[in-house]
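Asker: fold the stuff below for me.
(one chain, ligands or ions: 1)
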Amino acid sequence: MSTAIKQAHQKELFGHPVGLYVLFFTEMWERFSYYGMRALLTLYLVEKTNADNPGLGWLSSESIMLYGWYTMLVYVMSIPGGMIADKILGQKKAVLYGALTLVAGHGILAFDEMWAFYGGLALIVLGVGLLKPNISTMVGGLYKQGDIRRDKGFSIFYIGINLGSLLATFIVGYVGEKIGWHYGFGLAGIAMLLGLVVYMYGQKFLVTVGNKPTTEDKNDDASLGKLFADLVKSPINLGVVLLIIAYGIYAGFTYNGVDSWGYTALYIFIAFVAGILMMIYKNLETQVFKDRFLVLLLSFLIVIVFWGAFEQAGGLMSIYTKQNTDRMLMGFEIPTTWFQGLNAGFIILLATFIAGFWAKRKLKGKEGSSLFKMAVGTMIMGLGFVFMIFAASEYAENGSSSMHWLVLAYLFHTVGELCSSPVALSFITKLAPVKYASLMMGVYFAATGLGNKVAGVIGESASEFGEYAIFSGITIFTVIFGLLVILLLKPLKRLTHGAEDNEREMHNDETEGFELADKQ
Ligand code: GLN
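Answerer: This is a model prediction of the structure:
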C-alpha cells in the first residue's frame, strides 16, 4: 500500500474513519432516491382525476398489492446481492454496480411509458439488492473486532439513511405531486447520480474494506453447487426444503387473488434460502461458528417481529392519520405525509444520543449486548402503540383524535428503532462468518422485507377487527416477546462465545490491514 493511500484510509473525522462519511453520503443519496420514489409510487398509481398530472388510475387495492410486493422484493433481493458480493465481486464493486443500476432505474422512470415504469422498478429492485446489504457490511469492515465505536458508527450511518429519507419525503414528494410525477422520479435519479459521484470520489478512504474475495474464498468447499450437492445427501434438510416448496404450490392453487402464484414463487425462494442456510450451518468448521450462526438466525426472528409491528407506519397508521386525526394546527391543516417525516426527524435528533447512552452503559459494565438492546427496542416500539390505543378510544368518543398521540407514538417507535435497527446491522458484522458476511446481511434485509409483508397482512385485518384491537394486540405481543428474549438472554449470549465482550475504543492506526485480523 502506498504511503498516501495508507494515510487516507487511516484518517479519522469526529473519532471515526473518513470512509464512514463516504458511505454515509452514498447511502444518504441512495435512500433519497428510494424513499422519494416510494413516497410517489402509490399516489401515482391511484391518481385518475388530475388532468395536469395524470397517474395510472389503478384501484387502491391493486396499488397496495404492487407496493407490497415491490417493497418486499427490494429487500429480498439483498440475498442474491449479498451472495454476489461474497462470491464474485466483493462488496465494493457490488455497491458500484448497484449504484449504476439505480441511476439507470430511476432515470428510466422519468419517461412516461409503461415499459419504462416496469423496467425502472425492476432495475431499482436489482440495484437496491446489490447496494443496500453490501454498503452496510462495508460499514462494519471499517472497524476492528472488539471496537466499541462500531455500534456508534452504524448509528451515524443510520442518520445518513434518514437524512436522505427526510429530504426526499419533502422535496421529491412536492415535485412529483405538484409539478409532475416523472420530474419527481427523474429527481430521484439525479440524487442517485450524486451518490455515485461521492462513492467514486471517496474510494481512497475505502481501500481496506469490501475487496474482491480471494481465489481461496471463491474455490472453498462452500460454493453454491457444493452446498446443493450436500443438501441432496441430507434427507432431513432436503425434507424441510421440499415441504416449503410443496406449501408454496398449495398456496398457488388455494390463495385468493391474482398474486397467489407470487406467493408460490416467494415460498420457493424461501425454500432455496433455507436450504443454503442449513448447509452453511452444517459446513461451518467449529462449534463457535455454528453457535454464533444460530444466534444470528434467531435474532432475525426479532427483526421480523419488530418490522411487522413498526411498518404499520406506512399503512394503517397513515390511513388513521388521514381519516381519524384532527390535523389542524393554528388554522393550517398538516398534510398526512408529514407525519411520516417525524420518524426520520426524530432519528436525526436522537441517534447519537441513544448510541452514546448504550456505549456508556456498556463501559460501566452494565448489560448492553445487542440482543438486549434489540429486545428493549422492540418493547419500547410496541409501547408506542399504547398512544394509538388512546387515540382510538378518543376517536370512538369524539369522532376525531388529537395529533399529539401520533407524535408520541412515532417518538417511541423511533427510540425503539434506534435501539434495534442500527444495532442489528452492527451485530451481523460481529457474528457472521467472514466469508458469508454479505449473505447474512442480505438475509437480514430479507427478514425486514418479510416483516413489511407481515405488517401489511396485520394492517389489512384492521377492517375486520377494528384499530383498537389491532393496536392493543401489537402492544401486548411485542412486550411479551421482548420479555421472553430478555429471559433467554443468558443462554443466547453464551452461544455468541464472547463476540461482544471486552469492547473498547480502537483506532485505525493501531494495526494495518485489520480486515485480515478480523477473520475469525
Ligand atoms: N429505514 C431503514 C432503511 O431504509 C430500515 C430499512 C429496513 O431495514 N428494512 O435502511
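
Asker: neighbours around the closest residue to the ligand within the stretch 51-200 of the chain, how many?
Answerer: Closest residue of the stretch 51-200 of the chain to the ligand, Cβ to the nearest ligand atom: I161 (4.6 Å). No exception for glycine: its C-beta is placed from N, CA and C like everyone else's. I161: 24 surrounding residues under other Cβ atoms under 10 Å.

Asker: what residues of the strand or helix carrying V485 count as buried?
Answerer: Per DSSP states H and E: V485 is located in helix 467-487. Judged by neighbour count using 16 or more other Cβ atoms under 10 Å, the buried positions of helix 467-487 are 467-468, 470-472, 474-475, 477-479, 481-482, 485.

Asker: related to what we said a few turns ago, the residue of the stretch 51-200 of the chain closest to the ligand: what's it in contact with?
Answerer: 27-28, 31 (Cβ atoms under 8 Å, 6 or more residues apart in numbering).

Asker: quick one: what helix or strand has the residue nearest the centre of the chain in it?
Answerer: Geometric centre of the chain, nearest residue: F445, 4.9 Å, by Cα atoms, centre = their mean. Using DSSP H and E, F445 maps to helix 437-460.

Asker: report the entries of the contacts of I161 that also contact the ligand.
Answerer: With Cβ under 6 Å from any ligand atom as the criterion, the contacts of I161 include R31 near the ligand.

Asker: nearest to the ligand among the contacts of I161?
Answerer: Using Cβ to the nearest ligand atom, those come closest to the ligand at R31, 5.6 Å.

Asker: who in this protein is up against the ligand?
Answerer: So far as Cβ under 6 Å from any ligand atom goes, the chain lies against the ligand at 31, 75, 161, 421, 448.

Asker: which other helices and strands contact the helix holding F445?
Answerer: Counting by 3 or more Cβ pairs under 8 Å, 6 or more residues apart in numbering; DSSP states H and E, the packing neighbours recorded for helix 437-460 are helix 60-76, helix 78-84, helix 114-141, helix 260-283, helix 287-310, helix 404-431, helix 467-487.

Asker: angle of it against helix 404-431?
Answerer: Helix 437-460 and helix 404-431 meet at an angle of 160 degrees, taking axes from the mean of the first three to the mean of the last three Cα atoms, to 10 degrees as the criterion.

Asker: in helix 437-460, what counts as buried?
Answerer: Neighbour counts over helix 437-460 (16+ other Cβ under 10 Å) mark 437-456, 458-459 as buried.

Asker: got the angle between that helix and helix 260-283?
Answerer: 140 degrees.

Asker: quick one: the next helix-or-strand element following helix 437-460 to chain centroid distance?
Answerer: As assigned by DSSP H and E, the chain's next helix or strand after helix 437-460 is helix 462-465. Averaging C-alpha positions (Cα atoms, centre = their mean, to the nearest Å) puts helix 462-465 28 Å from its chain's average.

Asker: could I get helix 462-465 in CSV with only the CA atoms?
Answerer: Extracted as CSV, the C-alpha positions of helix 462-465 are listed here (Å, rounded to 0.1, in the frame of the first residue of the first chain):
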residue,chain,number,x,y,z
ALA,A,462,-58.0,-3.9,10.9
SER,A,463,-61.0,-3.7,8.7
GLU,A,464,-62.3,-6.9,10.3
PHE,A,465,-61.2,-6.4,14.0
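
Asker: picking up where we left off before, could the residues of the chain next to the ligand go into a markdown table alongside pLDDT and distance to P54?
Answerer: Output for those, formatted as a markdown table (pLDDT from 0 to 100; distance: Cβ to Cβ, whole Å):
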| residue | pLDDT | distance to P54 |
| --- | --- | --- |
| R31 | 95 | 28 |
| Y75 | 91 | 30 |
| I161 | 95 | 32 |
| S421 | 92 | 37 |
| T448 | 93 | 34 |
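
Asker: so what angle separates the directions of the helix or strand L242 falls within and helix 260-283?
Answerer: Take DSSP H and E as the rule and L242 turns out to sit in helix 235-254. Counting by the same axes, to 10 degrees, helix 235-254 points 170 degrees away from the direction of helix 260-283.

Asker: remind me what helix 235-254 packs against, helices and strands.
Answerer: Judged by 3+ Cβ pairs under 8 Å, 6+ apart, helix 235-254 is in contact with helix 224-233, helix 260-283.

Asker: and with 6 Å instead?
Answerer: Counting contacts by 3 or more Cβ pairs under 6 Å, 6 or more residues apart in numbering; DSSP states H and E, helix 235-254 packs against helix 260-283.

Asker: what mean pLDDT does the helix it packs on have?
Answerer: Helix 260-283 carries an average pLDDT of 91.

Asker: would you mark the buried spots in it?
Answerer: 262-264, 266-271, 273-280, 283.

Asker: check the offset of that helix from the chain's centre.
Answerer: Offset of helix 260-283 from its chain centre (Cα atoms, centre = their mean): 20 Å.
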